[in-house]
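1. I would like to see how this sequence folds:
(one chain, ligands or ions: 1)
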Amino acid sequence: MGAVVVEQLVKDFSGVTVLHNINLDIEEGEFFALLGPSGCGKTTTMRCIAGFEDPTDGTIKIGEEAMNDIAPNKRNCGMVFQSYALFPHMNVFDNVAYSLNVRRLKNSNPLKKIGVYTRMLNSKIGRYPKDIKNKVNDILEYVELQDHAQKLTSELSGGQQQRVALARALVMEPEVLLMDEPLSNLDQKLRHSMRNTIRQIQQDLKITTIFVTHDQEEAMSMADRVAVMKDGEILQIGTPTDLYSNPQSPFIADFVGKSNILDGKLIKRENDGSVIQIGEQKVKSVDSPEKDEVHVVIRPESINILDEESKDYDNYFEGVIQFATYLGSTVRYDIQVGKYELIADTVYESGDNILQHGTKVKLGVSPERVLLI
Ligand SMILES: Nc1ncnc2c1ncn2[C@@H]1O[C@H](COP(=O)(O)OP(=O)(O)OP(=O)(O)O)[C@@H](O)[C@H]1O
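-> Residues are numbered from 1 along each chain as shown. Below is the predicted model:
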């Protein structure tokens, strides 16, 4: 299995730079997500790693070996796309066997031309040597499609088709698995179960995996580490918990999970943190910012709606409920606090009262939960 190292990767399209000095150091066996909004350069980064795009500058290494001059089919990367990209006229077994068959024919007939291979391949579909048959059967069993081997891919559900695509990539035993928005075409329920399937397979096989997505929940729930991209740059790389608890920019704080982000001014440094002025309100934080103008980040679950017996908080606000959204196990409140509207998430247990529009509330936030950027 290969580690993937990307150094100073730059990509221009017709003079427009879409990737600016991308650096990635992806460990062997790691599940690494590239996360960012549409157009930020995730797919282009992935395509440069796979060899489908030539970098304008920079180097790409897989397992220590420089890849810049190596053709895509020699890079030993398996690819899975959003669109599945299966052969609709072939059954599941033939789809998965296809690349193994191509490799065998090329190895045994290295001087033949493409057209000859195509004819040879077509004549061999459905008639495979034993080792190919065994390999395909094993992988189909592994992705739980053994009972569908003879079906056309068009007869399968989206989730099953994506498992065929996964099997087709894995059967080649790639060093690196590259997945570009593989779950985007699936409905929400299936997406959740496929997340678990992919993560499980990745952990079983310990295959280095790069996963492109614009869905922060997907990246955070699946990946060991996540690189957040914006406008062709990497803003931050970290574990999901690291990104969530230590966002280094307002963009990350907003993109990775929900946040209340307020502009504040440092008014006092103390031994155990600082005091920040936000509008009329003073807020205490355990962080000590380097600059005076700060972004104050408070996660919705860090705002506690207090009842009469609640102990005092260092940070205490009064607000008025504007809106309540019942989300099953939680309720999300929009709360007017002075000129700010904050969101607060509370755990909902059956029988709890949901606070109505206009209810006055007291809110507490502990200084440990006030992040300063
Ligand atoms: N072949 C190309 N020619 C010209 N511009 C391109 C080409 N491919 C991508 N781009 C541009 O490069 C930028 C990055 O595109 P890319 O597809 O990598 O983004 P992305 O983050 O994967 O977006 P999405 O999530 O929408 O797929 C975009 O502005 C896109 O228009």
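
2. going forward, measure contacts and count neighbours with C-alpha atoms only.
-> Will do.

3. Flag every residue of the stretch 201-350 of the chain that's near the ligand.
-> By Cα under 6 Å from any ligand atom, the part of the stretch 201-350 of the chain that sits against the ligand consists of H214.

4. got any ranges where the stretch 201-350 of the chain has weak pLDDT?
-> Low-confidence segments of the stretch 201-350 of the chain (pLDDT under 70): 309-311.

5. Looking at it, what residue ends up closest to the ligand?
-> Ranked by Cα to the nearest ligand atom, the top residue of the stretch 201-350 of the chain for proximity to the ligand is H214, at 5.9 Å.

6. Grab the most central residue of the protein for me.
-> Nearest to the mean C-alpha position of the chain, by Cα atoms, centre = their mean, lies A219 at 2.5 Å.

7. quick one: that one and F31 touch, right?
-> No - in this structure, A219 is not within contact of F31 by Cα atoms under 8 Å, at 9.7 Å.

8. Find residues that contact each of these two.
-> F211 (Cα atoms under 8 Å, 6 or more residues apart in numbering).

9. for this structure, what spans make up the helices?
-> 42-50, 92-108, 114-124, 130-142, 158-170, 188-205, 216-222, 240-245, 250-255 (DSSP state H).

10. Buried ones in the last one, by neighbour count?
-> Looking back up the chat, that one is helix 250-255. For helix 250-255, a neighbour-count test (16 or more other Cα atoms under 10 Å) marks P250, I252, A253, D254, F255 as buried.

11. Near D187, how many other residues are there?
-> Around D187 there are 11 other residues, counting by other Cα atoms under 10 Å.

12. Compute the distance between it and the ligand, please.
-> Per Cα to the nearest ligand atom, to the nearest Å, D187 is found 18 Å from the ligand.

13. now swap in H192 and tell me
-> 19 Å.

14. what pLDDT does that residue get?
-> According to the prediction, H192 has pLDDT 89.

15. Domain-wise, how is the protein divided?
-> Structural domains assigned to the chain are 4-245, 258-372, following automatic domain parsing.

16. about what we covered before: not counting sequence-adjacent ones, nearest residue to the residue nearest to the centre of the chain?
-> Of all residues not flanking A219 in the chain, A33 sits nearest, at 5.8 Å (Cα to Cα, 6 or more residues apart in numbering).

17. dump the residue contacts of that neighbour.
-> I210, F211, V212, T213, A219, A223, D224, R225, V226, A227.

18. In JSON lines, list those residues along with distance to I70.
-> Formatted as JSON lines, the contacts of A33 follow (distance: Cα to Cα, whole Å):
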{"residue": "I210", "distance to I70": "19"}
{"residue": "F211", "distance to I70": "22"}
{"residue": "V212", "distance to I70": "22"}
{"residue": "T213", "distance to I70": "26"}
{"residue": "A219", "distance to I70": "29"}
{"residue": "A223", "distance to I70": "28"}
{"residue": "D224", "distance to I70": "28"}
{"residue": "R225", "distance to I70": "27"}
{"residue": "V226", "distance to I70": "27"}
{"residue": "A227", "distance to I70": "25"}
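
19. Would you mind listing what in the stretch 1-150 of the chain touches the ligand?
-> Contact residues, the stretch 1-150 of the chain versus the ligand (Cα under 6 Å from any ligand atom): F13, V18, S38, G39, C40, G41, K42, T43, T44.

20. so how many other residues sit close to the first one?
-> Same thing as F13. F13 is flanked by 9 other residues according to other Cα under 10 Å.

21. Show me what it is bridged to.
-> Taking DSSP bridges, one obtains V16 as the residues bridged to F13.

22. That one and Q336, how far apart?
-> 46 Å (Cα to Cα, to the nearest Å).

23. Quickly note the distance from P289 to E280.
-> Applying Cα to Cα to P289 and E280 gives a distance of 20 Å.

24. out of the two, which sits in the more crowded spot?
-> More crowded of P289 and E280, by other Cα under 10 Å: P289, with 19 against 8.

25. is it true that the more buried one touches I373?
-> Yes - P289 is within contact range of I373, at 7.2 Å (criterion: Cα under 8 Å).

26. Hmm, E293 is touching I267, no?
-> No - look at E293 against I267 with Cα under 8 Å: they stay out of range, at 9.8 Å.

27. Which of those two has more residues huddled nearby?
-> More crowded of E293 and I267, by other Cα under 10 Å: E293, with 16 against 13.

28. Compute the number of surrounding residues for G51.
-> Close neighbours of G51, defined as other Cα under 10 Å, add up to 21.
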